[in-house]
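S.K.: model this:
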Amino acid sequence: MASQPPPATQASSSTNAISEPRPNQAQSIKDRVFKDVMNGNWEAVLNAYGKNVNSIQTASITSSKETVLHIAISDNRSDMAKKLLEIVVDGKKIKEMRNDRGNNPLHLAASLGQADMCELMVNRDLELIMSRNMEGETPLFLAALHGRKEAFYTLHYKWSSNKGPHEDFSHCKRNDGNSILHVVILGEYLDLAFQIINWYPELAKFKNERGQSALHLLASHPAAFRSGCHLGLVGDFIYRCLLVEELEVESEQGLKGTFAEQSPEDRTPNIPGNYETCFNALEIFGNGLRAVFGPDTWKSFCCKVKADIETAQSSETTKETEHKLPFPPNYYTFFSFFQFVLELLLIIFGLGFFKVTKMKEKKRKHTHSLQLMKKLVESADLWEAEDTGSRPPDDSFDNFGGERIDMYKELLDASLDGPVSADGTARLDENSKDNEDEIKDRMTMILEEPKTGIANRRSNGHKKEKKGKAKHDNQEDKTQTKESDKEDVKEKSPFLVAAKMGVTEMVAEILDKFPVAIDDMNQEKKNAVLLAVENRQPSVYHYLQGRYPKKESIFQKVDGEGNSALHLAASFGHNRPWLIPGAALQMQWELKWYKFIKDSMPRHFFAHLNSKRQTPKEVLTETHKELVRVSSKWLTNTAESCSVVAALIATVAFASATTLPGGVKQDVGTPVFEGEPSFDMFAISSLVALCFSITSLTMFLSILTSRYQVWDFYYSLPSKLILGLSSLFVSIASILVSFCSGHFLSIKDKLKFVVFPIYAFTCLPLTLFAVAQFPLYLDLIRSIMAPVPKRSFEVTSI
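M.R.: Predicted coordinates:
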């Protein structure tokens, strides 16, 4: 048959005549194979592949230089790919099959998650795992990049079982320095990242070209943590009711057969959407059984069902589960059952489709991120001394004794007009005294040189050049360093990144493990407190306040430009960090943040000047000019629009209040409908509409005549706006009630019950207006009542 590969001897003898075909003949064969592949005629492809194996197996048949095996794998034709692999006798030929990006078939199978194909190719040649494409990516790296757990586990097991302990991690990195741990965190494949950090703990210390470790990247994703999400009252209630399981370390010995034999499609239940609720209920029921019987009983039952789980592993997992329980074992059943009941009720009441499933995924993400973060912090060594005493560091003073003295002389010669003596002191004349400030700056740079310059000089081979050229190169290096710092991460410490991004969990964990991290500063001389204030992170600032109530030095720190925390609270960046719409409300929350930071400072703290000779109030006024202008325009437009409506309602309400329906009795002068409930309602609603419409009009006119100073947005203008809108709502509702009650008196008993739907329809404009303006009304109330604003994470980036 065409699908059966010919014997090796027969293939070699039968293909000798075409082993080196003429160019026209080889091109004709590739064109025919290309057409068969495009038409899906794989039997003909296999036949041609077997007859012309030497000329086709590594030949490119597409414009992207893909081979037949590439196309079979990309089309998910694993059956045909397996037959093609059977024809390819030499496994090293697979490494030669590269497309225009340098990917061989194993790269492609790993990126698509085809674990079975990965296993077949690796069995032919284990060194395929080390093959790299043009970006330096190995198949293992691509499997991690695309979150293909099954393919990654297969390749990892094959490599670790044959190569032994992990000592060489070159196959876990690509050209830009990113490791497999970096890319899985960027892709938010947290379960895979948790396994990687346990199998490759050394990767936690690896940094890419930008100096970012895996902890840096995780710190730059605040949405992966609970502190980075605003759920609301209902969402927070559902979040607390849900129960998710933590990740567990999977042993390398148990990988074989666990993932390599199943594809993702086989494990994912393909169920219709209308059955999803039933499956959700069954899942909740399983959680309920776990809650009723207790975690230990449930786990032991599952271990009995799964015969392939060893007793030692199950007992060890049980001990870990007991250790991780948030409550004592005898209380866990009660709390778990209570959570099960709440979760079941949420699904019964129809929230399963919209809230429960989505919220459960979010909580699972937060839980896994927290586990991963703790592992990364445990593996971090950024706060440990590099010189442990066993071996001097490369940039130690002793290693460069004479060279360092020469460098000091060179730096001083560049600063002073006079020469430098042999002992390193400068001979100053009277004119040199005018350069005292410059001398101090140069000496400061000299003292800081052991931390920065020596390593750079040593890496460049310590080349000695002329003074003028050395000075030029030094300035050029500094310029390039400053530009790269702007492009790259300024905060070299993940603790500072977490403080900047508002990841309170990471800030607390790092301080628990490494208390010295509180002294970290970035290149702009900003510590965690200054970064939290500058980037409007109330949760981080609150935590630092509670943790260091008596350590005032960290709160009184100033950055390289002389800005204190109050200066940074007064400054306004390009983004809008507050979780509230409207320029005026943004301005109010900016002022609230400034006042909150000012009130939290120690009593003896004084507002000093920064390097630009500005006080915090001056910074506040200068940086918020544009926001004040936009806020003033928004308030003016709102007040003008609402004042027109308020004036119209006041006119109608005045006419209604002075006109009595039915007239008065001529003999006594009293109203005809006196004593009628509808008449009383008409009289009261007319008066209420008149009073509140005038009040609303007065508030809006006071906004229009305001001077729009900076501090007017703190309380005065928002209070007038909310009072004017509230009065306008009441006046509109009152005038409609007045109209309906007066009309009801006119018809008396005629069609009395028919007019009620008409009255309800009359209230429709008020309802639509209220619905449209209600979010603004709630934002105004929240803005005035909230003592500290809430941070939005949608606009923050590193």
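
S.K.: need the helices for the stretch 101-250 of the chain, in chain order.
M.R.: 105-112, 115-124, 139-145, 149-163, 180-186, 190-199, 214-219, 232-241 (DSSP state H, counting those that start in this stretch).

S.K.: what of the stretch 451-600 of the chain?
M.R.: Using DSSP H, counting those that start in this stretch, helices in the stretch 451-600 of the chain cover 467-487, 494-501, 504-513, 528-534, 538-547, 565-570, 583-600.

S.K.: okay if I get those as JSON lines plus distance to Asn208, mean pLDDT and mean neighbour count?
M.R.: From N, CA and C alone the C-beta is placed, and that goes for glycine too. As requested, the helices of the stretch 451-600 of the chain are exported to JSON lines (distance: least, Cβ to Cβ, whole Å; pLDDT from 0 to 100; neighbours: other Cβ atoms under 10 Å):
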{"stretch": "helix 467-487", "distance to Asn208": "13", "mean pLDDT": "45", "mean neighbour count": "11"}
{"stretch": "helix 494-501", "distance to Asn208": "13", "mean pLDDT": "93", "mean neighbour count": "29"}
{"stretch": "helix 504-513", "distance to Asn208": "19", "mean pLDDT": "94", "mean neighbour count": "21"}
{"stretch": "helix 528-534", "distance to Asn208": "22", "mean pLDDT": "93", "mean neighbour count": "27"}
{"stretch": "helix 538-547", "distance to Asn208": "25", "mean pLDDT": "92", "mean neighbour count": "19"}
{"stretch": "helix 565-570", "distance to Asn208": "29", "mean pLDDT": "92", "mean neighbour count": "26"}
{"stretch": "helix 583-600", "distance to Asn208": "34", "mean pLDDT": "89", "mean neighbour count": "21"}
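
S.K.: looking at those, spot the one closest to Ala109.
M.R.: helix 494-501 (34.7 Å; Cβ to Cβ).

S.K.: so what are the structural domains in this protein, by residue number?
M.R.: Here the domain parsing of the chain from automatic domain parsing is 57-220, 232-256+264-359, 398-475, 494-623, 627-762.

S.K.: comparing the ones you listed by mean pLDDT, which bottoms out?
M.R.: Mean pLDDT values for those show the minimum at domain 398-475, a mean of 45.

S.K.: can you report how many residues neighbour Gly573?
M.R.: 12 (other Cβ atoms under 10 Å).

S.K.: how about Ala59, secondary structure?
M.R.: coil (DSSP: H, G, I helix; E, B strand; the rest coil).

S.K.: show me the contacts for it.
M.R.: 26, 30, 67 (Cβ atoms under 8 Å, 6 or more residues apart in numbering).

S.K.: okay if I get the residues you listed as TSV plus neighbour count, distance to Leu112 and secondary structure?
M.R.: Formatted as TSV, the contacts of Ala59 follow (neighbours: other Cβ atoms under 10 Å; distance: Cβ to Cβ, whole Å; DSSP: H, G, I helix; E, B strand; the rest coil):
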residue	neighbour count	distance to Leu112	secondary structure
Ala26	16	29	helix
Lys30	19	24	helix
Thr67	25	16	coil
